[in-house]
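Undergrad: The following block contains a protein sequence and its predicted model.
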Amino acid sequence: NAGVTQTPKFQVLKTGQSMTLQCAQDMNHEYMSWYRQDPGMGLRLIHYSVGAGITDQGEVPNGYNVSRSTTEDFPLRLLSAAPSQTSVYFCASGPAGRDQPQHFGDGTRLSIL
Amino acid sequence: KQEVTQIPAALSVPEGENLVLNCSFTDSAIYNLQWFRQDPGKGLTSLLLIQSSQREQTSGRLNASLDKSSGRSTLYIAASQPGDSATYLCAPLKDTDKLIFGTGTRLQVFP
């Protein structure tokens, strides 16, 4: 049971570099989202998607782009990395409707130098 | 804007104790509330989901209650064990399936 898979698990970037954090789920969930977790601030929603071809902004979207071309995949792109984006990033997925829990990946630990 | 507060922020207890973790939220118009566990360096594991129409939900030694009108949820852990040591997060769900998280309660259970 793969669930929600995030890659890479760790990454170090230099300021100004770009990269894509990958997220894939094998549960045929309509809803997917990205969070960042910072000490003392809890998890904050970056972007989310309610289905293929549909994305929307969360609480802290600046500096990040997303797309959803398939139900399974929801990549998060950092266009020009900044030290303020150093964080742990979590991807989550859940079925349509609100009577089932959402599931999280193991996270990507990202450091921007 | 939904704000979620968890009290206490940290808790250290000997094993065997019954524990109460509190979660309060400012906007009571929620669909459900989910409790998660997070081990150090790991992702979030869903423990319990309680619907807005429910008063409580149980799984093994865990019991979650929800008082939607007062904006409060409580997670009870019975007969705590060292393996329960982790950070516990609550997250009410409002519109568009967006979970809003508290900063968590860090629990340590020592033998």
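TA: Arrived safely, thanks for sending.
Undergrad: Regarding chain A, what is its longest strand?
TA: strand A:42-51 (DSSP state E).
Undergrad: and chain B, which residues reach chain A?
TA: Applying C-beta under 8 Å from any C-beta of the partner chain, we find that chain B lies next to chain A at B:4, B:31-32, B:34, B:36, B:42-46, B:49, B:51, B:89, B:91, B:93, B:96-104. Every residue, glycine included, has its C-beta placed from N, CA and C.
Undergrad: May I see the ChimeraX selection of the buried members of these?
TA: Of the residues of chain B next to chain A, the buried ones can be selected in ChimeraX as follows, counting by 16 or more other C-beta atoms under 10 Å in any protein chain shown:
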select /B:4,31,32,34,36,43,44,46,49,51,89,91,93,97,98,99,100,101,102,103,104
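Undergrad: List the contacts of residue 101.
TA: As the question left the chain open, I've gone with chain A. A:94, B:34, B:46, B:49 (C-beta atoms under 8 Å, 6 or more residues apart in numbering or on different chains).
Undergrad: switch to chain B, that's the one I care about
TA: A:35, A:42-44, B:4, B:89-91.
Undergrad: Phi, psi for it please.
TA: phi -100, psi 150 (degrees, to the nearest 10).
Undergrad: follow-up on the earlier one: can you tell me which of the contacts of B:F101 lies closest to A:T71?
TA: A:Y35 (19.6 Å; C-beta to C-beta).
Undergrad: neighbouring contacts of the longest strand of chain A?
TA: Here strand A:42-51 makes contact (C-beta under 8 Å, 6+ apart) with A:30-38, A:55-61, A:64, A:66, A:68, A:71, A:74, A:76, A:89-90, A:96, B:4, B:89, B:91, B:96-104.
Undergrad: any idea which element A:L110 lies in?
TA: strand A:108-112 (DSSP states H and E).
Undergrad: That strand pairs with which strands?
TA: Using DSSP bridges, the strands paired with strand A:108-112 are strand A:10-13 (parallel), strand A:87-94 (antiparallel).
Undergrad: how about the shortest one: buried residues?
TA: Neighbour-count burial for strand A:10-13, with 16+ other C-beta under 10 Å as criterion, is recorded at A:11, A:13.
Undergrad: any idea of the pLDDT on B:T96?
TA: We have a pLDDT of 64 for B:T96.
Undergrad: In the contacts of B:F101, which has the lowest confidence score?
TA: Among the contacts of B:F101, A:G42 has the weakest pLDDT, 85.
Undergrad: Report the beta-bridge partners for it.
TA: Here A:G42, judged by DSSP bridges, has bridge partners A:D38.
Undergrad: for chain B, what are the nearby residues on chain A?
TA: A:4, A:31, A:33, A:35, A:40-45, A:48, A:50, A:56, A:58, A:90, A:92, A:94, A:98-107.
Undergrad: where does the chain have low pLDDT?
TA: Answering for chain A, as no chain was given. A:1-2 (pLDDT under 70).
Undergrad: try chain B instead
TA: Looking at chain B by pLDDT under 70, you get B:96-97.
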